[in-house]
Structures are given as C-alpha cells and as structure tokens.
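Colleague: Dropping a prediction and its sequence here:
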Amino acid sequence: MSPINEYIVTALIIVSIVVASMTMATSLVTPLRTIFEGDRLKMVAEKLLTQILLSEGFPADWGSKAGIANNELKVFGLASQYETTREAYSLDIDKVARLDASNPLYLSPEYASKLLNLGNEYGFALEFIPALTISASPNLNGVEVTVKNHESQLVAGAKVAAKLYWVEPGGLYKSSTTLKATTDPTGMCKLKFSDISGILQSGVLIIYVDNYGTRN
C-alpha cells in the first residue's frame, strides 16, 4: 500500500474513532442530564408542596379577610392559621376557596406563581380531591351512610357521627340527638333517629366522619 493510501486509511480510522467516541459520550450524557433534571424537578416540587401545604401565607388570615387584595398578599400558603403542628397539612377552606375562578376574591395562578418565585421556568397545577366521599340515603326512621376514599374504595371502620335538624308543620324547629356508628366491611352504616317517625320530607343532616385521623 502506498504511503498516501496509508495516510488516508489512518485518517479514516481516526475520524471513525472520534465519531464513535462522540456518539458514546452523547448517549451517556443524555441519560445523566435527564436524571439530573428529574432530580431537580423533584426538589422544586417538594419545596413547593412544603410551602403551599405547611405555610399559612402572609398575612396569615388572607383567606377570610375580604380587605386583603391580591397585591397585599406577600407569601402564598394554604395552611390553616389555627391548626397546631399535630394537625399539619390541614388546609384553610377560605384560602382554598379563593383559588376558584368564580370567587370575587379570586387569586390567579399567575400571581400565586409569582409569590412562589417560580418565574417563567416552571409551572404548576393544584387539584383538590376529597380524602373521603360521604353519601347518605334516607330510609325509615333514619339514614344509610356510605363512606369511600379518594380512590372510590369503600372504607370500613370509619367512625360516623350525625345530627339532624328539621322543621315540623307549624314552624316548630327540632333537632335530634347526635348518633354515632362505625362503617361495616361494605363501607356502610345505618343510623336511626328515634325522634322522628316515617321518612322525613325535608331537613338538614350534618355528618362527620373520622377515618383514623382523616376527617370529613
């Protein structure tokens, strides 16, 4: 083989080695970059959840005070200002209500994002799902209560308390005693009100459920 051909072959081999090395380096760097970005997003998400769920915001009563406009809210947080550390992750219903677009005191996602210092690099969405879903069906002298969790699974062993308020003919206002029961393996329990007879046509039923600390 002539020296020129040897140089050409050598050059081709070197180029092939360089290209192969670059390809291998790229294939190694891409997964590492993906892992790094995933870890970074996870850290940002954890910080956001901590801020949103455990901070009261500032002013702490911004949810219930109509006089606190959006531009007066300095720190965004949904935790209830009256809860103790023992009851962490308990949200303030008034603050959550201000995230509803139909609320006159609506707090826009853009402003919340600004308060959380997310800038234009990140976005976020909040979805609230009830931890417990309670349904009640009236029956003779009482009511049948069914409790399900956030995955629509029937909840057994949940403690149920109920109180009934109604108005009888003539405008007589009455209320029942507080009844208590525990849901069976089918997630149901029956409560009988001895104060009434027959099926009640109208009234207000208040039901409280405690499932090992998860309350509704």
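Modeller: Perfect, I can see it now. Numbering: from 1, shown residues only.
Colleague: Please name the strands paired to the longest strand that the chain contains in the sheet, noting orientation.
Modeller: Assignment by DSSP state E gives strand 159-168 as the longest strand of the chain. Within its sheet, strand 159-168 is paired with strand 172-175 (antiparallel), strand 179-182 (antiparallel), strand 204-211 (antiparallel), according to DSSP bridges.
Colleague: residues making contact with stretch 61-77?
Modeller: 51-59, 81, 92-98, 105, 107-108, 111-112, 115-116 (C-beta atoms under 8 Å, 6 or more residues apart in numbering). In short, each C-beta sits where N, CA and C put it, glycine included.
Colleague: Next, format the strands paired with strand 159-168 as TSV and append mean pLDDT.
Modeller: Shown next, in TSV, are the strands paired with strand 159-168 (pLDDT from 0 to 100):
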stretch	mean pLDDT
strand 172-175	70
strand 179-182	90
strand 204-211	88
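Colleague: ok, now how distant is the residue most central in space within the chain from Leu164?
Modeller: Centrality entry for the chain: nearest residue to the mean C-alpha point is Phe128, 4.0 Å, by C-alpha atoms, centre = their mean. Separation of Phe128 from Leu164 (C-beta to C-beta, to the nearest Å): 28 Å.
Colleague: Ile134 too?
Modeller: Using C-beta to C-beta, which is the criterion applied here, Ile134 is 15 Å from Leu164.
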